[in-house]
Structures are given as C-alpha cells and as structure tokens.
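Student: Pasted the sequence and its predicted model underneath.
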Amino acid sequence: MAITVQSKRADAVPGECCVFPPLHQTPLKAVQWASTEAPQIVAKNIAQISEKSHQDGQIILGALWSVILRRYVESGVTQMWQSGPTTQHGCERTHAEVMTVILTDDMPFSRLLETASRSTTLPDMAEQPNTGIIVAREVNPQTQHDQVVQESLQQLSEICDILLVLCQSPDELRVVLSYRESTLLPMHASSILEQLQDMSTSICENSKQIVGDLWSMSGSDLRRMQRWNAHRSFQTTDYFMHEIIHQRAIERPNKLSVESWDGNLTYHQLDSLSSKLASHLMRRGVRPNVFVLISFHKSVWAIPAMLAVNKCGAAFVPVDTGVPSERLVGIIRQTKARVALACNKQSGVLREAGISVITVTDEIEQELREEPGPTLIDPGHAAPAYCLFTSGSTGEPKGCVVGHAAFAHTASYCKPYYLQSDSRVLQFASLGYGVSLTEIFCTLSCGGTLCIPSDTSRMNSLAQTITDMNVNWAILSPTTLGTLSPTDLGCLKTIIVGGEPVQESHIVDWRRHARLLQSYGLTENSGPCTVSDPIFSSDPSERTVGYPVDGRYWIVDPQDHRQLRGIGAVGELLIDTPSLAQGYLGDPERTALAFISPPPWIEQQVPARQSRPAVLYKTGDLARFSPDGRICHMGRKNDQVKVRGQRVEIGELEHHLRRLFPSVADVVVDAVIPSGSNRAPSLAAFILQAEGHTVDDRILIEASEAFLEGVQSAKLSLGKVVPSYMIPTLFFRLGNMPKTVSGKKDRRRLRLEASTWLG
C-alpha cells in the first residue's frame, strides 16, 4: 500500500508529495544498494503495537515511517509507499495502494493508524515519485530473510531509492532497511533505524502518544551535535578592535597597513591619524552610542575614518556610494546621525541629505597636525561598534547593529582564513557590504597589508590590478572569479569564495594554483560563520560551505524552531556565536522574530556547566549537516524552488547542466511564472554559452538551432541522473548574465525577464 502523508501546514500543497531528500550527493545516480537490519526491539515493538491496535504490522511500520519522513522534508508534504505483489489474469505484477492523511502535532498515533488502514489501489507505481517503499513479505522455513530482501530489491529497486522490508515468519518479525548508496550513507541508515526504535518504544510505553511528542531525532544524532558544539571555541575577547590594531602599530610601526591607488599608510600613520581624527570627532559630540555615517569611493582615507569613530567609542555606519537619496535620508533618520565622514565626491550628496560632513582627503593630516590624541573612553563591550544596513522586507532599510565585543572577535578569524602578517589583501567589496569589513579589519588585526584599487580598475581591469598590487589573498564571488585566469595571476595564493557556491570549473582551474576556500557569512554575524578546508575535489558530494568557525550551530524545523532536525535533514540554520549582532536598530519586532530566546531543547544540547546562550539567531537559510559536521547550504527559506510540490536542488541541477550542455559559460536554474498568470511555476534553465555574450545589454536572446539541439541533448542526459520533476521545461538562451551590485547573479532579474518573455 502506498501512503501519501500531508502535514497541515501553510506550505502544504494538496495532492502533491515530496520525495525523500538525498542525504548523500554523488555525481551520478548510483546503482549499488546496501542493507541494514533494524534492532530486534523494533520488530518486537511493532508486534506489540499490532496486538494492541489490531492493525497490520505493515500499516504500523508505514505510520512510523511517515512521522520520520515529515522530519526530513522541509515542505511538510511527504509521500511514502507500501507495496505488495498481486496476481491478475495469471501474471504477478506490483501494485500499490495510496492513502492521504493530514499529519498534525496534536494527532494521536492511534488516529494515524486508523487513517493508514484506509487505502485506494494505484495500478502503476512507476509513474509516481517515490519516497520509499514499505514491503511486507512472508518468510517460510525454506526461505532465508536475506533472500526475501533480495527478491524485493529485484522487483522494486528501479522505482525507489529506499526500501523498508518487513519480514514476517510464524516465529518472529524482522525489519530491514535497504537504500541506494547515492541517497544515504550507513550513518544515515543507522540514524533512521534508531528513530524507528525510539518512536516504537515510546508508543509501547504510552499508546496515547500524539505525533508532536514522538521525538523523531535519534539519540546518536543528538549526541553527535552536542559533541560538535562543545568542541568549538566560544571564547570572547576583552579587547576592542582599535586596541588590537594599535598593538600591531606598536609591533611594526613602519609596515604598510594600507596600500591604495590614492596613497599609503604605515601602521604608525594609520594609528596616529585615526587618533587625531577621533579627538576632532569627540569635540563634535561623537561618543559611545552615537552613529557616524561613512561614505567613500575606494580610498585609503576610508580606513582611518572608520577606526577613528571606534576610538570615540561610537559606531560607524558604512553607506554605499550608489545609495538612492531617499534611502540615505531613511538611514540618517533611523540612526539619528548628525555627522558623516566622506570623500570629496560624496560630501555634497550627504549635505543635501541634511547631515554635517567632515571631508577626509590627503589634506586631513595637515588639518589635524595640531590635534592632540584623544582621551580614549571605554564604551563597554556591549556598545555599538558599527551598523550595516540591508534591504528590509517592508522597503525600509534594516540596520543591523554589532557591538564592540562581537566586532573585536573578528580578529580570531585570521587563522581559518589563512591570513597572516605577510598577507596582501584585495579590498574589493563596497563599504556598504559586510564582507568589506572582513577584508579590512581581519587584515589589519593580523598585521597584513590592505590593497585598495580605484573603482575604475576594480571593475574594468581587476586581473591587472591584482598583479600590479601583488595581491596574494582575496574574497571573490564565483561570478567575479570566473572572469579571472590563474595563469595570469601567479601572485594570488588564497581565494575565499563567498556569496554563491563555488563551481566545478573554478575548482578545476584554480586548485593547482591557489588555496581555494568556500565561506558562508551573514550581515548579522561579524566575520564568517563557516569556512571550508582547501578545496581540491570537484565531486559535488564533497561540496559544502565548510565547518563552523566557532560558536554553536543547529538545524531546526523551518516552521517551528522548537523542533530539532536530525543530521542530514534539511531545516533552518540557527547560530549562537561570539560575533553575533545585537539586533535591528529601532526595530524590536523584527529583532524578536530573528533573535529568539533559547528553545527548550537547549538544556539538553548545552550542559549547565557551559555558558548557555541568551539568544539564538534564525538565519532564514536552509541547510543540513553532513556526517562529519560540515554544513551544506541549501538556499534561503523563503526562496525555495518548488515544482509540483517537490523542492528542487538547484545547485545539483546547475552542476549537471554545466557538465551536459555544450560550450556553457554559466547556468542558473529557477522557477518562473508567466507575467499576469495564475499558473503554477515552471522550472527554467538560463544558459549563457561561451560565445553567447551580446554587444548590447540584452539578457534573453533568441534560441539558435544549435542551442535547441543542446537543449534536447541535455534533457535526455538529465533523465539518466535526476528525477523527472527536476528536468527543466523551459530553457532560455542568455546574451548576458545580469549581476547584483554585490557581483552575484541577479536571479530576480532573470525571473522577471523570463516572466515578461512568456507573458
């Protein structure tokens, strides 16, 4: 019998089912199967429940599996099969029966069993997407259990990835889990069977259990996550960021701290100039808990400006030079800032927005030559150090406030980033983005040299700039990295890839020339959250954003953070780090939604002898743990790509299309809805071919005959490696790949262009 299990939740799609997500990725769909027998207590528990409930063991196993399955798919809509042979007109064939049930936390397990006993026959299982198949087989004295499992595999392995076999003999029951090795690892299989044991035991002890009380995360998963979190450092610092940089100035006063297209500063000069500017700012009323705007085009003078604000105990607010005037006015209003530090070009813009401006140029040293050093004020480590503004869902810019202690903790990230005193770091990102602060302050805290190109050379001749400035360390998006060739950049030794997943072509091109790392960070966390080990393999099964740098990390149900998710299950990432932000400026409601009080499970996960968190941050990102504790980033919670209720692994699909489509330069996969239509979304592939760039700015261009042939070939090849629902129905040929201001692929623009095209 096949069971369609639905969860009564906002994201549930009636009539649609989700496939059990592969917890282990391989380039091709492996044909090898493995089997693991459940502990004998599982079979005994099923027999006991069957005796009390008067339900068939197959129904009980199916009900237990449905609860487990619900925890592994984030949509809340899940599917499970139960099957058996039937004889019709003298021929044995596989049939299935389907049943739909609404799973809610308050549903008694006895009610789930009653619902599971009602079913409808499905004649052809092969036409349906499978999560797993439950098979009941009779074992007679002449038949071995292993033989029964093998017969089931021979019959059903082509139409499923997971098979639960209930072997029934007069004397005993046995439960065997068989799985395709491209879907599970042995560790995952053991965890699933342990969950079956825990739940069945719980029901035997209390037959009135409700679904919400069935703890479907295995004890081994709980213990493993506890060990991972206990192992990582959670040490805070007693220093301020400006004190750390001052110490570097004492150690190496004459070493270049900043080498820029418009001037250089040694560590002594940087420390001295920022101190004098801080003294000047203090006389203008700048003090702790005051916000000062910072707006510079690429310039050496932006660095002492930010440092000076911190030496006053105040918080700097980096503002991108291209910020619209209305947004700028909103930032000034929210921060109540009265002073801004800016370059010549930005001074006029800021004054028009109604704020007093101190222009910081090469003349500032002369102007401040008589300024005494400041009497430094200890603002307390909780006082704001900076505030970064991001786009808010209401259209109002959202200011993320980071305290001095969290900011100073950024210095501890030098080691996992392979930053040291001889590092020459490219300051590539715009000041309005958090990655720029990592570039700047990680470099200065370890005594390295910051290399700042002009805006023109940064955008138009990056490779030449890297060579001319002898840059050996950089943070780049995959899109930007794709414009560079390792043969032209012998000086570049460490590349941090952030913002988007690193592509196979980047790994192949760079792994013999530079240390390539994947990183993941958030505006709400000062510095990176995770960093990978150096990447050498292009195997997607080894592709993650790395290990957490420090702090504690958990995966929870995206709809209910009180429910932990097991290792391998997709859920929302929660973090607790020493570099966590304090919240959103002047917005207690949004702060309370994202920065939450510890859920009840924290007492089990964090022993009393350890420092328990006051708050946890809900990242809004979907992720899952790999078996060794690395984190696989799966996209934003609110930006999931779903087709017919199935969540599409767009990273996996993009990987295959890059490999299968002829002469491809770049690929984006997303869901598209025609403009003004109420139709369901269709899966679309946007293909930029190597020769596809147009001289104009057109994004979508007419498909050539060769492109259409490539589409047909790719679709045929995809059918061999991914489920049918993951094969795009729309293919768009790109003339140019649109980018956001931060250099990422502009997926929103692509969706809009495609919707209009189809409209």
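Tutor: Right, received. Where do you want to start?
Student: Check what pLDDT the residue nearest to the spatial centre of the chain gets.
Tutor: Computing the C-alpha centroid of the chain and ranking residues by C-alpha atoms, centre = their mean puts His633 first, at 3.2 Å. With respect to pLDDT, His633 scores 88.
Student: Looking only at residue counts, what's the top helix in this structure?
Tutor: Longest helix of the chain, by residue count under DSSP state H: helix 186-205.
Student: Which elements pack onto it?
Tutor: With contacts defined as 3 or more C-beta pairs under 8 Å, 6 or more residues apart in numbering; DSSP states H and E, helix 186-205 has these neighbours: strand 33-37, helix 40-53, helix 57-72, strand 173-180, helix 219-231. (Glycine included, C-beta is placed from N, CA and C.)
Student: Name the residues of stretch 278-294 that are buried.
Tutor: Buried residues in stretch 278-294, counted by 16 or more other C-beta atoms under 10 Å: Ala278, Ser279, His280, Leu281, Met282, Val286, Pro288, Val290, Phe291, Val292, Leu293, Ile294.
Student: before we move on, the earlier item: name the element the residue nearest to the centre of the chain belongs to?
Tutor: strand 631-636 (DSSP states H and E).
Student: other SSEs contacting that strand?
Tutor: Identification of packing neighbours for strand 631-636 by 3+ C-beta pairs under 8 Å, 6+ apart yields strand 616-625, helix 650-660.
Student: Out of these, indicate the one that is most buried.
Tutor: Among the helices and strands packed on strand 631-636, the stretch with the highest mean neighbour count (mean count of other C-beta atoms under 10 Å) is strand 616-625, at a mean of 22.
Student: ok so, going back, least reliable of the helices and strands packed on strand 631-636 going by mean pLDDT?
Tutor: Looking at the helices and strands packed on strand 631-636, the bottom one is helix 650-660 with a mean of 83.
Student: which element follows it toward the C-terminus?
Tutor: Reading on from helix 650-660 to the C-terminus, the next helix or strand found by DSSP H and E is strand 664-672.
Student: My read is that Gly373 contacts Leu277, right?
Tutor: No - Gly373 is beyond contact range of Leu277, at 10.5 Å (criterion: C-beta atoms under 8 Å).
Student: and those two? which has more neighbours close in?
Tutor: Here Gly373 and Leu277 are compared on neighbour count by other C-beta atoms under 10 Å; more neighbours surround Leu277, at 27 against 12.
Student: secondary structure class for that one?
Tutor: Assigned by DSSP: H, G, I helix; E, B strand; the rest coil, the conformation of Leu277 is helix.
Student: list the contacts for it?
Tutor: For Leu277, the contacting residues are Pro304, Ala305, Ala308, Leu341, Val360, Ile364, Leu368, Glu371, by C-beta atoms under 8 Å, 6 or more residues apart in numbering.
Student: Would you mind checking these for buried ones?
Tutor: For the contacts of Leu277, a neighbour count by 16+ other C-beta under 10 Å gives the buried set as Pro304, Ala305, Ala308, Leu341, Val360, Ile364, Leu368.
Student: my guess is the second one contacts Cys343, does it?
Tutor: No - no contact is recorded between Ala305 and Cys343 when judged using C-beta under 8 Å, the distance being 9.2 Å.
Student: Quickly list what's touching both of these two.
Tutor: With C-beta under 8 Å, 6+ apart applied, the overlap between the contact sets of Ala305 and Cys343 consists of Phe296, Val360.
Student: Val669 is in contact with Arg751, correct?
Tutor: No - in terms of C-beta under 8 Å, Arg751 does not count as a neighbour of Val669; the distance is 11.2 Å.
Student: OK, contacts around Ser526?
Tutor: Taking C-beta under 8 Å, 6+ apart, we find Ser526 in contact with Val402, Ala406, Phe407, His409, Thr410, Gly434, Leu437, Ser579, Leu580, Ala581.
Student: no, scratch that, I was asking about Gln518
Tutor: By C-beta under 8 Å, 6+ apart, the contact list for Gln518 reads Ile496, Val497, Gly498, Pro501, Val502, Val531, Ser532, Ile535, Arg543, Thr544, Val545, Gly546.
Student: now those residues in CSV, with distance to Glu649?
Tutor: Below are those laid out as CSV (distance: C-beta to C-beta, whole Å):
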residue, distance to Glu649
Ile496, 24
Val497, 19
Gly498, 20
Pro501, 11
Val502, 16
Val531, 23
Ser532, 19
Ile535, 19
Arg543, 12
Thr544, 14
Val545, 15
Gly546, 19
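Student: Point out the least confident one among these.
Tutor: Arg543 (70).
Student: Contact partners for that residue?
Tutor: Applying C-beta under 8 Å, 6+ apart to Arg543 gives the contacts Gln25, Pro501, Val502, Gln518, Ile535, Cys632, Gly651.
Student: pretty sure the third one contacts Leu516?
Tutor: Just to be clear, that refers to Val502. Yes - under the criterion of C-beta under 8 Å, Val502 lies in contact with Leu516, with a separation of 6.9 Å.
Student: residues shared between the contacts of those two?
Tutor: Shared contacts of Val502 and Leu516, defined by C-beta under 8 Å, 6+ apart, comprise Ile535.
Student: before we move on, back to that, out of the contacts of Gln518, which one sits closest to Leu574?
Tutor: Val545 (15.4 Å; C-beta to C-beta).
Student: so what's that closest one closest to, chain neighbours aside?
Tutor: The shortest distance from Val545 to any residue that is not its chain neighbour, by C-beta to C-beta, 6 or more residues apart in numbering, is 3.8 Å, and that residue is Tyr520.
Student: Same check on Arg512?
Tutor: Using C-beta to C-beta, 6+ apart and skipping the chain neighbours, the partner closest in space to Arg512 is Pro486 (7.8 Å).
Student: and if you look at Met634?
Tutor: When the adjacent residues along the chain are set aside, Met634 lies closest to Leu622, with 4.0 Å between them (C-beta to C-beta, 6+ apart).
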